[in-house]
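J.: please work out how this folds:
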Amino acid sequence: MTFEEFTQKMKHALQDYFGEELQIDAQNMQKNNGVELTGLIFMDPNNDIAVTVYLEGFYEEYENGKTMGETVRELIRIYEENRPAKTLNMDFFLDYEQVKTRLACRLVNRERNETLLSRAPYQPYLNLAVIACCILMGDEFGCGCIVITQEHIERWKIEKERLFRDARENMPRILRPELMHIEELVGEESRTMLREQMEEKGGQIYILTNTQHFYGAAALLYPGLLEALSGTERRCFFLLPSSVHEVILLADTGQEEAARLGEIVREVNGTKYVSEEEYLSDDVYYYDGRSGMIRLL
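T.: The predicted model follows:
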């Protein structure tokens, strides 16, 4: 059975189960780094929040022996457990003055997001790109976002410069920065791999993200944050892009070799621990505490 046939069978089986209670559609969705996933969208006509379940992993399980019936029951369970209890009034999205209090920035790989960047305004950042998004948070649906497109800013009649100024000023408030020692997350295998390969150099290793751990690599953009971390000693450190959600900070002790650090980043990015969708960069960056500048090594 092909993946397309599997998708249609899942859609029809679930629609038969839920009947008129839900509308279920299958849709291909463009994700970060050009990754395209197929999701089943569960839409309650009485709720503005839809639940999306991506099918690629379920199809792999089916090919490995899981039955269709088991898969359908699993999808029903997932929907029931994640069914939003409340609706979300999206009328605010028509008014930029209401949207701007929810704005934040995301850092993405510029080369791998050409399609996204062709329709979304962005600012170059070294060899990466900064895009703006509207953050949606709630107990019912966790943390999500709507990427701001050129169509949005034309509808709001604002300039790109205002969009990014508002987003940069606002994001530290709604996505507060968080700095953790890597020992706090040694259970994460990709970070453990980084730690084991770098700690022999004797440098202090920290993780910079935000409190939601959601596109936390953009914490690099927070005004004055790196300067504050550098301290009165104006310390310098290497910035290793662990994923779009976080950046590893390694204090420069004078023993580190940029080429070796680049090999470590590429090795970790090549493992199963960093998904294609969460990939940020294979490059190493450097913050110079004396100049207050970040550069690409």
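
J.: now do the buried residues in stretch 67-75.
T.: 71-72, 75 (16 or more other CB atoms under 10 Å). The C-beta positions use only the backbone N, C-alpha and C, and glycine is treated the same way.

J.: CA atoms of it as CSV?
T.: The C-alpha coordinates for stretch 67-75 follow below in CSV (Å, rounded to 0.1, in the frame of the first residue of the first chain):
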residue,chain,number,x,y,z
THR,A,67,-2.5,-3.2,11.6
MET,A,68,-4.8,-0.6,10.1
GLY,A,69,-7.2,-1.1,13.0
GLU,A,70,-4.5,-0.5,15.6
THR,A,71,-3.5,2.7,13.7
VAL,A,72,-7.0,4.0,13.5
ARG,A,73,-7.5,3.4,17.3
GLU,A,74,-4.2,5.2,18.0
LEU,A,75,-5.2,8.2,16.0
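
J.: can you tell me what sits against that stretch?
T.: Residues from elsewhere that reach stretch 67-75, judged by CB atoms under 8 Å, 6 or more residues apart in numbering: 9-10, 13-14, 17, 40, 53, 58, 61-62.

J.: check the average confidence over that stretch, would you?
T.: The pLDDT scores in stretch 67-75 average 95.

J.: repeat that for stretch 15-22.
T.: For stretch 15-22, the mean confidence score works out to 91.

J.: give the buried residues for that stretch.
T.: Buried, per 16+ other CB under 10 Å, within stretch 15-22: 15, 22.

J.: what of stretch 32-44?
T.: 32-33, 38-42, 44.

J.: the strands in the stretch 1-150 of the chain, which residues?
T.: 23-30, 36-43, 51-54, 103-109, 122-125, 128-138, 142-147 (DSSP state E, counting those that start in this stretch).

J.: circling back: so which of the buried residues of stretch 67-75 is the closest to L221?
T.: L75 (37.9 Å; CB to CB).

J.: what about the stretch 151-297 of the chain, any weak spots by pLDDT?
T.: 183-203, 272 (pLDDT under 70).

J.: how far away is E233 from L250?
T.: 16 Å (CB to CB, to the nearest Å).

J.: more neighbours, the two?
T.: The residue with more neighbours, out of E233 and L250, is L250; 23 against 7, by other CB atoms under 10 Å.

J.: centroid residue for the protein?
T.: Y215 (4.0 Å; CA atoms, centre = their mean).

J.: so where's the stretch 1-150 of the chain shaky on pLDDT?
T.: In the stretch 1-150 of the chain (pLDDT under 70), the answer is 85-89, 138-143.

J.: again, only using 90
T.: For the stretch 1-150 of the chain, applying pLDDT under 90 flags the ranges 20-22, 29-31, 34, 43-51, 79-94, 136-146.

J.: buried residues in stretch 110-117?
T.: So, applying 16+ other CB under 10 Å, buried residues of stretch 110-117: 110, 112-113, 116-117.
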